[in-house]
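Trainee: fold the following and give me the result.
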Amino acid sequence: MNQAITAIHIPEGKKVYFSSDNHLGAPTAEASKPREKKFIAWLSAIEADAAAIFLLGDLFDFWFEYKTVVPKGFVRVLGKLAQLRDKGIPIYFFVGNHDLWMKDYFKTELDIPVYHEPRIFDLNNKRFFIGHGDGLGPGDKGYKRMKKVFTSPFFQWLFRWVHPDIGVRVAQHLSVKNKLISGEDDQNFLGEENEWLATYAKRKLETAHYDYFIFGHRHLPMTIEVGKSSTYYNLGDWITHYTYGVFDGTSFELKEYSF
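Mentor: All right, here's what the predicted structure looks like:
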């Protein structure tokens, strides 16, 4: 992967936070509202010492940006993100398989950059490889084929011609019901040798060193040593586990939020 490495200096007493897989709006907007409020409470709790915040995708269970329309709802969490940015806290967003149709709304309205591929960050001289995790590693071939369709400009152009009231309803139904579309495989731990994101991390280490691989997508908090001085972390989710990652400038840790 040939790309510029973004360096972030973490001041003394500050931390970098990571979260993934909120799936706001699922299974219904009303049912997900308590989870949204809990996530906002977490954002408020980390506000004082956050040097940066990474959101690793599937913040929404479905998201599609028409030229002048975005999905209804999520006002509380969008407002909180705007507040954090207005206070000068950098936020980085990586699209997941449920919100991969995100374009420039976050950048334009919230000043939050949006990434569609994994990226490399240097945090206090520690090399981080960061992404949502969908479509990486071996297996999951059905979803990988489906992702090629969904990310094609022609398919997105066709979908944009569907009235939002119809298109969003159909997409939300498929997002919840169709596991091939959602890309959600077995959510049981497969073992260190069979977790495909761990396998992907090991392959990346053949060409370059990374201290940390940080992914979401699996909905399972996990820590796997993938090489000498190199660790893969999965952030879990905000549906069952309410887990997140925190880097204090020296070490990375998974934690569970409760309030």
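Trainee: dump the biggest helix by length in the chain to PDB, keeping only the CA atoms.
Mentor: Longest helix in the chain, counting residues (DSSP state H): helix 29-46. Below are the C-alpha coordinates for helix 29-46, written out as PDB (Å, rounded to 0.1, in the frame of the first residue of the first chain):
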ATOM      1  CA  ALA A  29     -34.900   3.700  14.700                       C
ATOM      2  CA  GLU A  30     -36.800   3.500  18.000                       C
ATOM      3  CA  ALA A  31     -35.000   0.400  19.200                       C
ATOM      4  CA  SER A  32     -31.500   1.800  18.400                       C
ATOM      5  CA  LYS A  33     -32.200   5.100  20.200                       C
ATOM      6  CA  PRO A  34     -30.900   3.900  23.600                       C
ATOM      7  CA  ARG A  35     -27.700   2.700  22.000                       C
ATOM      8  CA  GLU A  36     -27.300   6.100  20.300                       C
ATOM      9  CA  LYS A  37     -27.700   7.900  23.600                       C
ATOM     10  CA  LYS A  38     -25.200   5.600  25.200                       C
ATOM     11  CA  PHE A  39     -22.700   6.300  22.400                       C
ATOM     12  CA  ILE A  40     -23.200  10.000  22.800                       C
ATOM     13  CA  ALA A  41     -22.600   9.600  26.500                       C
ATOM     14  CA  TRP A  42     -19.300   7.900  25.700                       C
ATOM     15  CA  LEU A  43     -18.300  10.700  23.400                       C
ATOM     16  CA  SER A  44     -19.000  13.200  26.100                       C
ATOM     17  CA  ALA A  45     -17.000  11.100  28.600                       C
ATOM     18  CA  ILE A  46     -13.900  11.100  26.400                       C
END
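Trainee: touching it from outside, list them.
Mentor: With contacts defined as CB atoms under 8 Å, 6 or more residues apart in numbering, helix 29-46 is touched by 15, 17, 19, 22-26, 53, 61, 73-74, 76-77, 80-81, 84, 238-239, 242, 244, 257, 259. Placement of C-beta: from N, CA and C, glycine included.
Trainee: give me the buried entries from those.
Mentor: Among the contacts of helix 29-46, those scoring as buried are 15, 17, 19, 22-26, 53, 61, 74, 77, 80-81, 84, 238-239, 242, 244, 257 (criterion: 16 or more other CB atoms under 10 Å).
Trainee: the worst-scoring helix or strand of the chain on mean pLDDT: what's the following helix or strand?
Mentor: Lowest mean confidence among the helices and strands of the chain (mean pLDDT, DSSP states H and E): helix 179-182, at a mean of 47. Scanning forward in sequence from helix 179-182 by DSSP states H and E, the next helix or strand is helix 196-204.
Trainee: what residues of that next one count as buried?
Mentor: Neighbour counts over helix 196-204 (16+ other CB under 10 Å) mark 196, 197, 198, 199, 200, 201, 202, 204 as buried.
Trainee: quick one: the strands in this protein?
Mentor: Using DSSP state E, the strands of the chain run over residues 6-8, 15-19, 50-55, 91-94, 114-115, 119-123, 126-130, 212-215, 221-227, 230-235, 243-247, 252-256.
Trainee: okay, now residue 232: neighbour count?
Mentor: 26 (other CB atoms under 10 Å).
Trainee: what does the one 4 residues further on give?
Mentor: Using other CB under 10 Å, residue 236 is surrounded by 23 other residues.
Trainee: contacts only, for it.
Mentor: 20, 21, 216, 219, 220, 221, 222, 242, 243, 244, 254.
Trainee: pipe the residues you listed into a markdown table and attach pLDDT per row.
Mentor: Formatted as a markdown table, the contacts of residue 236 follow (pLDDT from 0 to 100):
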| residue | pLDDT |
| --- | --- |
| 20 | 97 |
| 21 | 95 |
| 216 | 96 |
| 219 | 93 |
| 220 | 95 |
| 221 | 97 |
| 222 | 96 |
| 242 | 97 |
| 243 | 98 |
| 244 | 98 |
| 254 | 98 |
